[in-house]
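In: sequence and predicted structure, then a few things I'm wondering about:
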Amino acid sequence: MSSSHASAATPTLRSDAKLIGLVGLAHAISHFAQLVLPPLFPWIKDAFEVSYTELGAVLTVFFVVSCVVQAASGFVVDKLGPQPVLFVGLGLLALAAVGYALAQSYWMLLASAVVAGVGNGVFHPVDYTLFNRKVAPTRLGHAYSVHGITGSLGWAVAPAFVVPLAVAFSWRVALASAGAVALVVLAVLWWNRSVLALDVKAVHKATGSDAAAGSEFAFLKIPAVWMCFGFFLFYAMALSVVQTFAPAAAGHLHAVPVALIAVCLTIYMVASAAGMVVGGFLASDPSRCERIVGAAFGVAAVLALVLALADFPPIVVPVMFGAMGFASGIAGPSRDLLVKRSTPANASGRVYGVVYAGLDIGQAVAPLIFGRLMDHGQYASVIVGLAVVQAVLIASAFNVRRVRREALVPASA
């Protein structure tokens with residue numbers, strides 16, 4: 001098979017670092033945009049006299065649109081290249097934030113959520129196509145690590161950015177400011193657009209055209225692609241449970257004060273980012289990526305079971321979330337290598353678009369299942385369910401290896 005770097009000369013450490021940094025910055029804005037609205041729900045609820053269920057529907061619209069666009073945008077990335085698609089995505093996120101800020105009705109919020117979903121849906125096909133085409137193979141693990149870390153930081157920064165602005169000025173000012181942040185990042189990337197350029201024609205020539213491959217949809221016949229899709233669906237379910245219900249459930253089980261419950265998610269995300277740094281080094285050899293994913297989520301599942309079934313002081317709960325986050329973070333870069341090793345040379349954008357659509361579906365499904373458990377006071381079941389989902393991830397990772405279309409070859413030193 002042709003090299004994935006056919007469109008460029010051997011990349012240097014400096015060029016790789018610059019590309020990884022720019023892509024990571026864009027990815028941070030993607031995650032930032034996902035969480036600018038929920039912290040402002042108390043203000044928006046009063047402004048439009050709507051229920052939390054109606055506000056939740058705005059997020060549902062966002063993720064459903066993002067899922068569809070994510071699957072479709074990979075085709076556009078493969079045809080036109082990642083750079084223009086990335087610029088359009090960032091521009092739409094900025095436009096959506098301004099749309100939220102100017103909304104005069106609930107329906108305008110929904111319309112802006114559609115725009116935001118379209119913008120959010122392009123990032124994974126864009127980001128991973130740039131990484132897989134332009135970053136040296138020995139540095140891909142670090143690229144994936146930075147990608148995961150910047151996404152986590154984007155989630156962490158959003159509430160800290162919009163809530164103080166809403167308190168000091170208004171929720172409209174907060175959202176307009178969020179749009180301005182996206183525009184600033186777009187300007188930075190435009191200024192460095194040469195770093196993000198990819199000669200699509202050269203890639204097609206080196207890797208083979210779609211016609212030679214049989215069809216633009218030929219990659220859908222690869223079993224490993226669908227195994228990866230399933231893996232990411234369950235991964236998103238686990239993340240959704242942690243972000244939405246697990247801290248509150250653990251709080252009920254162990255009589256944790258509200259202040260400690262509030263920091264559980266922050267500790268989890270920070271520890272996850274630290275784990276991704278470690279995971280980036282471990283992922284330097286792709287031949288062991290399944291074992292890393294299996295071991296990391298195995299530890300996370302055991303910790304979740306202990307959290308659900310054991311009895312310990314409330315102060316230990318945030319520590320458990322930190323340990324679980326660190327273990328899950330270690331799996332991050334190897335998780336992304338699972339997809340790369342299952343991707344045909346001429347279908348990078350399409351594969352990542354379809355596979356990562358599983359993230360949006362998982363985030364849409366999990367609240368329906370685990371929210372019902374919370375409503376019925378089944379708090380231990382919520383945490384045990386999290387452990388079960390994490391255990392499924394172990395089996396999913398090894399199933400990807402079993403059906404992969406090519407044998408893994410350890411990276412050279």
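Out: Done, it's in. Residues are numbered from 1 along each chain as shown.

In: would you mind measuring from residue 133 to residue 198?
Out: 6 Å (Cβ to Cβ, to the nearest Å). No exception for glycine: its C-beta is placed from N, CA and C like everyone else's.

In: please apply the same query to residue 52.
Out: Taking Cβ to Cβ as the measure, residue 52 and residue 198 are separated by 43 Å.

In: more neighbours: these two, which one.
Out: Under the criterion of other Cβ atoms under 10 Å, the comparison of residue 52 against residue 198 puts residue 198 first, with 19 against 10.

In: and the more buried one, what are its phi and psi?
Out: Main-chain dihedrals, residue 198, degrees, to the nearest 10: phi -140, psi 130.

In: would you confirm that it contacts residue 81?
Out: Yes. Applying Cβ atoms under 8 Å as the test, residue 198 and residue 81 come out as touching, 4.8 Å apart.

In: pull up the overlap in contacts between those two.
Out: With contacts defined as Cβ atoms under 8 Å, 6 or more residues apart in numbering, no residue is shared by residue 198 and residue 81.

In: the residue lying closest to residue 48 once chain neighbours are set aside: neighbour count?
Out: Spatial nearest neighbour of residue 48, chain neighbours left out: residue 106 (5.0 Å); criterion: Cβ to Cβ, 6 or more residues apart in numbering. Using other Cβ under 10 Å, residue 106 has 17 neighbouring residues.

In: same check, this time on the one 4 residues further on
Out: Residue 110 has 16 neighbours, counted by other Cβ under 10 Å.

In: which ones are touching it?
Out: 57, 58, 61.

In: that one is in what secondary structure piece?
Out: Secondary structure assignment for residue 110, by DSSP states H and E: helix 106-120.

In: can you name every helix or strand that the next helix or strand after that helix contacts?
Out: Downstream of helix 106-120, the next assigned helix or strand under DSSP H and E is helix 123-134. The contact analysis (3 or more Cβ pairs under 8 Å, 6 or more residues apart in numbering; DSSP states H and E) places helix 123-134 against helix 13-34, helix 52-80, helix 82-102, helix 140-168, helix 316-340, helix 348-375.

In: now do the first one: which elements does it pack against?
Out: This points to helix 13-34. Secondary-structure packing of helix 13-34 (3+ Cβ pairs under 8 Å, 6+ apart): helix 82-102, helix 106-120, helix 123-134, helix 140-168, helix 171-191.

In: which one of the ones you listed lies closest to residue 258?
Out: Of all these, helix 140-168 sits nearest to residue 258, with 16.4 Å by Cβ to Cβ.

In: hang on, the earlier thing: check what pLDDT the residue nearest to residue 48 gets.
Out: The model reports residue 106 with a pLDDT of 93.

In: ok, now residue 91?
Out: Residue 91 carries a pLDDT value of 96.

In: wait, it touches residue 186, no?
Out: Yes. The criterion here is Cβ under 8 Å, and residue 91 meets it with residue 186 at 6.1 Å.

In: when the two are compared, which one has more neighbours?
Out: residue 186 (20 against 15).

In: next up, the contacts around the more buried one.
Out: Contacts for residue 186 (Cβ under 8 Å, 6+ apart) come out as 87, 90, 91, 94.

In: out of those residues, which end up buried?
Out: By neighbour count, with 16 or more other Cβ atoms under 10 Å, those hold 87, 90, 94 as buried.

In: okay, those residues in CSV with distance to residue 280 next?
Out: Listed next are the buried ones among the contacts of residue 186 as CSV, based on distance: Cβ to Cβ, whole Å:
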residue, distance to residue 280
87, 27
90, 25
94, 30
